[in-house]
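*Asks:* Pasting a predicted model and its sequence here:
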Amino acid sequence: MTVLLKKIESIEDRESFIPHAEIEQLLEETKNPDTKQVQEIVEKSLQKERLTPRETATLLNAEKPEQIEIIFQAARKLKEEIYGKRIVLFAPLYIGNHCINNCSYCGFRIENSQVIRKTLSEEELEAELYALTSKGHKRLIVVFGEHPMYSPQFIARTIEKIYSFKNGNGEIRRVNVNAAPQTIEGYRIIKEVGIGTFQIFQETYHLLTYKKYHPKGPKASYMYRLFGLDRAMLAGIDDVGIGALFGLYDWKFEVMGLMYHTKHLEERFGVGPHTISFPRIEPAVNTPLAHRPPNPVSDEQFKRLIAIIRLSVPYTGMILTARESPDIRREGLKLGVSQIDAGSSIGVGSYSSQDPEIVKKSQFILGDTRSLDEVMRELAENGYIPSFCTACYRAGRTGQHFMEFAIPGFVKEFCTPNALLTFKEYLLDYASEETRKVGERLIQSELERMPQERRKVVEKLLQRLEAGERDVRL
């Protein structure tokens, strides 16, 4: 078996853009960096330049407390300069949990007999959308297991139904997708209905670890999954999200894998990923490995990897989901996270019904179960602007176009006003009285900080919202 794995590794590693030997060498050569070296790398990042793999490896090996603090401070500063105070919010919507893979860490794996399999019917999908839009959600990521029944046509029909759903002022304006890697033709079918980001997590970038924990099904192919977003790009989807599941292999190697994936997309397509996700393994029903990950990542290591990813790829959005506890999510927001979910429920059909067996329909167990309104209020109390903005996507500012806007620093100029507008909509239509009071104070405070001309424009748009108009944006 070992000989076979080595043979597979030698073949696939040559063709892969994840150079395993080079990563191991960089992580070895950059051990014990001096503080001056760390400071110099951080200064480069603060100039909004993507770091090289060697520079990222150096930050990963910065172990001294004063070095870690330098990294944390720089990550906080960089996030504020590029993204301002806005935090994009979304909700996951699980469409179906049938799966033909057998990933050792996943509650949906085919051999997990304790999971209750379910796919939303049209009526159940509408019930879920009613529940989500009644709370104020405008952005979703739809999640599908990997199964032939979730074909590109099925995914496209599901997204069309979501976009066509209306509930008073409630509607979904952006649908991101987390599904199995597709063929180029499959991606084209899905793109036709106007998706946001297509997201694929490699899970682990370490080949032998990947082979070990993905023993059966289409997902057993490391290379097919690794090039999944290349095919999406070739099909015209220029807004893609990458991710790694932390806990399967060494966390430093996984961060390097994310950086090489980013580098590959930039070199081949001229644009990197729109988002990077970095979930840790969480417990799942009847899944022993999920309760005892082989390479657990401590909270301190997790905060370091968030800050280092922020510094390594200054212009890429970073997603931290409700897998994590509220305390870790608060820390992550300070260190570079730009998108979170809130009010989430990950059982299939669990937004619209109280299901005592929700855990048996879920991929894992959530760490943050606060309501959307609670999270919105806390964000506003802490000076963040909750945002449901979808303006860039709908104005065609994605892919290379997004980078053109992002790199000169225009994201902050576009996003802060649009974030305020979508937050105002939420306050008018869905917020509790307590959240509304906090939110209105925040909006007023942000208006007072704007240049006069910009403030006039935003105030007029806010007045249109108060008059009853919806979906106004720059």
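*Replies:* Nice, I can see it. Just so you know, these numbers come straight off a predicted model, no measurement behind them. Numbers count the residues shown, from 1 in each chain.

*Asks:* Can you pull the phi/psi pair for the residue nearest to residue 180 when sequence neighbours are not counted?
*Replies:* In space, and not counting its chain neighbours, residue 180 is closest to residue 146: 3.9 Å by CB to CB, 6 or more residues apart in numbering. To be clear about C-beta, it is placed using only N, CA and C from the backbone, and glycine gets the same treatment. Main-chain torsions, residue 146, degrees, to the nearest 10: phi -100, psi 110.

*Asks:* Offset the numbering so it begins at 17, please.
*Replies:* Got it, first residue is 17 now, which makes that one residue 162.

*Asks:* Please work out how many residues are found near residue 162.
*Replies:* Look at residue 162: counted by other CB atoms under 10 Å, it has 18 neighbours.

*Asks:* Run through the residues that contact it.
*Replies:* By CB atoms under 8 Å, 6 or more residues apart in numbering, the contact list for residue 162 reads 115-117, 195-196, 233-235.

*Asks:* Read off the pLDDT value for residue 458.
*Replies:* With respect to pLDDT, residue 458 scores 98.

*Asks:* now residue 381
*Replies:* Residue 381 is assigned a pLDDT of 83 by the prediction.

*Asks:* With residue 340 instead?
*Replies:* If you check residue 340, the pLDDT there is 97.

*Asks:* what do you get for residue 237?
*Replies:* At residue 237, the model reports a pLDDT of 96.

*Asks:* any idea how far it lies from residue 245?
*Replies:* In this view, residue 237 and residue 245 are 15 Å apart by CB to CB, to the nearest Å.

*Asks:* got it, and residue 257?
*Replies:* 8 Å.

*Asks:* Repeat that for residue 292.
*Replies:* To residue 245, residue 292 is 12 Å away according to CB to CB.

*Asks:* Residue 373 too?
*Replies:* For residue 373, the distance to residue 245 equals 35 Å [CB to CB].

*Asks:* So these two - more neighbours on which side?
*Replies:* The neighbour comparison of residue 373 against residue 245 (other CB under 10 Å) goes to residue 245, with 24 against 12.

*Asks:* Leaving out sequence neighbours, find the closest residue to that one.
*Replies:* Nearest one to residue 245, counting by CB to CB, 6+ apart, is residue 256 at 4.4 Å.

*Asks:* and what of residue 183?
*Replies:* Among residues not flanking residue 183 along the chain, residue 149 sits closest, at 4.3 Å (CB to CB, 6+ apart).

*Asks:* show me the residues around that neighbour that make contact.
*Replies:* Contacts of residue 149 (CB under 8 Å, 6+ apart): 181, 183, 186-188.

*Asks:* For the helix or strand containing residue 436, the averaged confidence score.
*Replies:* Element membership for residue 436, per DSSP states H and E: helix 426-445. Helix 426-445 comes out with an average pLDDT of 88.

*Asks:* any idea how far residue 371 is from residue 140?
*Replies:* Residue 371 is 12 Å from residue 140, by CB to CB.

*Asks:* other SSEs contacting the longest strand anywhere in the chain?
*Replies:* Counting by DSSP state E, the longest strand found in the chain is strand 102-112. Helices and strands touching strand 102-112, by 3 or more CB pairs under 8 Å, 6 or more residues apart in numbering; DSSP states H and E, are helix 138-151, strand 155-160, strand 190-194, strand 355-357, helix 388-397, strand 401-403, helix 426-445.

*Asks:* what about the residue nearest to residue 183, distance to residue 155?
*Replies:* For residue 149, the distance to residue 155 (CB to CB) stands at 11 Å.

*Asks:* what sits in contact with each of those two?
*Replies:* Counting by CB under 8 Å, 6+ apart, the residues touching both residue 149 and residue 155 are residue 188.

*Asks:* Residues in contact with stretch 465-476: which ones?
*Replies:* Stretch 465-476 is touched from outside by 429, 432-433, 436-437, 463-464, 490, with contacts defined as CB under 8 Å, 6+ apart.

*Asks:* Can you turn the buried part of these into a PyMOL selection?
*Replies:* PyMOL command restricting these to the buried ones, with burial defined by 16 or more other CB atoms under 10 Å:
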select buried, resi 429+432+433+436+437+463+490
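
*Asks:* Out of the contacts of stretch 465-476, which is nearest to residue 129?
*Replies:* Taking CB to CB as the measure, residue 129 lies nearest residue 437 of those, at 48.5 Å.

*Asks:* and the closest one, what does it touch?
*Replies:* Shown in contact with residue 437 (CB under 8 Å, 6+ apart): 405, 474, 477-478, 481, 488-490.

*Asks:* same thing with residue 108?
*Replies:* So residue 108 contacts 156-159, 194, 337, 357, 360, 362 (CB under 8 Å, 6+ apart).

*Asks:* Report the two of these separated the most.
*Replies:* Most distant of the contacts of residue 108, by CB to CB, are 158 and 337, 14.4 Å apart.

*Asks:* coming back round to it: against residue 318, how distant is the residue nearest to residue 196?
*Replies:* Distance of residue 162 to residue 318, computed by CB to CB: 27 Å.

*Asks:* Which members of the contacts of residue 162 are the farthest-apart pair?
*Replies:* 195 and 233 (14.2 Å).

*Asks:* Pick out whichever of these two has more residues nearby.
*Replies:* Using other CB under 10 Å as the criterion, residue 195 and residue 233 rank with residue 195 on top: 21 against 17.

*Asks:* How many residues are close by the nearest residue to that one once chain neighbours are set aside?
*Replies:* With CB to CB, 6+ apart as the criterion, residue 195 has its nearest non-adjacent residue at 4.4 Å, and that residue is residue 160. Residues lying near residue 160 (other CB under 10 Å) number 22.

*Asks:* Give me the distance between residue 160 and residue 471.
*Replies:* Counting by CB to CB, the gap from residue 160 to residue 471 is 43 Å.

*Asks:* do residue 433 as well
*Replies:* Distance, residue 433 to residue 471, using CB to CB: 9 Å.

*Asks:* Could you do residue 256 as well?
*Replies:* Taken as CB to CB, the span from residue 256 to residue 471 is 35 Å.

*Asks:* Look at those two and report which has more neighbours.
*Replies:* Ranked by neighbour count (other CB under 10 Å), residue 256 and residue 471 place residue 256 first, with 23 against 15.
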